[in-house]
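K.L.:
make a model of this:
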Amino acid sequence: LLCLSIGCAAEAAVLESLKKLVRIPGMTTAAEEVPAGAKRPRVDSSRPVRTTVPLTKAKTVHFIRHAEATSNRAAFGLAKGTKERHEAYDDPRWFDARLSPQGLDQCKKLALETEGLQYDIVLVSPLTRALQTAELGLPDRGTPIVALECMRERCGTHPCDSRRPVEEVSSEF
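P.N.:
Residues are numbered from 1 along each chain as shown. Next comes the predicted model:
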């Protein structure tokens, strides 16, 4: 399983979805009901998790951040929290930002680095920069690439964090 995501919020959403699919003793999901007055079981992260799943059948999840987008390049070198940085990201030219020339180069390097990696499916944000990273950065093996809304940046308020209509994106990818 290979996931291309753009932030920790998306990673958390994917992990929550995976918990629903893979039952690990002692772990619960947010969707499970907990009886009134009972505390939700917690997993002690300092101890290894014991599972009933043999390691030969365990799945590995890889998270890969999208390559550099044009919006990232526009804000490059501007201090976080400054008016200038906010204005750079707020530019309407970066609506559903595409990859920058450096991002395209990063995809070439990613393709070389992932050449021997085995994966069954690619889950990706429906934002153009993430789809481009998946298409250009992963060798074409006929592996399904699935764009999921839950993989999308959730806290972004800038044009680059907005996506084009599904029909438009689908026709390109």
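K.L.:
look up which residues are beta-bridged to residue 62.
P.N.:
residue 2 (DSSP bridges).
K.L.:
these two touch, right, it and residue 120?
P.N.:
No - if you go by CB atoms under 8 Å, residue 62 and residue 120 don't touch, sitting 11.4 Å apart. Where C-beta positions appear, they are placed from N, C-alpha and C, glycine not excepted.
K.L.:
output the lowest mean pLDDT helix or strand found in this protein.
P.N.:
The weakest-scoring helix or strand in the chain, judged by mean pLDDT, DSSP states H and E, is strand 2-5 (a mean of 50).
K.L.:
thinking again about what came up before, which of residue 62 and residue 120 has more residues huddled nearby?
P.N.:
Using other CB atoms under 10 Å as the criterion, residue 62 and residue 120 rank with residue 62 on top: 12 against 9.
K.L.:
where exactly do the helices run in this protein?
P.N.:
For the chain, the helices defined by DSSP state H cover 8-21, 70-75, 83-89, 101-113, 128-137, 166-172.
K.L.:
any idea which of the ones you listed is most buried?
P.N.:
helix 128-137 (a mean of 23; mean count of other CB atoms under 10 Å).
K.L.:
first-to-last residue distance for stretch 117-137?
P.N.:
Length of stretch 117-137, first residue to last, CA to CA, to the nearest Å: 12 Å.
K.L.:
equivalent analysis for stretch 132-149, please.
P.N.:
First-to-last residue span, stretch 132-149, CA to CA: 16 Å.
K.L.:
next one: stretch 110-130
P.N.:
Distance across stretch 110-130, first residue to last, is 13 Å (CA to CA).
K.L.:
what mean pLDDT does it have?
P.N.:
The average pLDDT for stretch 110-130 rounds to 90.
K.L.:
so which of the helices of the chain is nearest residue 160?
P.N.:
helix 70-75 (3.6 Å; CB to CB).
K.L.:
any regions of this protein where pLDDT drops low?
P.N.:
1-55, 154-155 (pLDDT under 70).
K.L.:
swap the cut-off to 50 and go again
P.N.:
Scanning the chain for pLDDT under 50 picks out 1, 5-8, 23-34, 40, 43.
K.L.:
wait, residue 124 touches residue 143, no?
P.N.:
No - applying CB under 8 Å as the test, residue 124 and residue 143 come out as separate, 11.4 Å apart.
K.L.:
so for residue 156, which of the helices of the chain sits nearest?
P.N.:
If we rank the helices of the chain by CB to CB, the stretch that ends up nearest is helix 83-89, at 8.5 Å.
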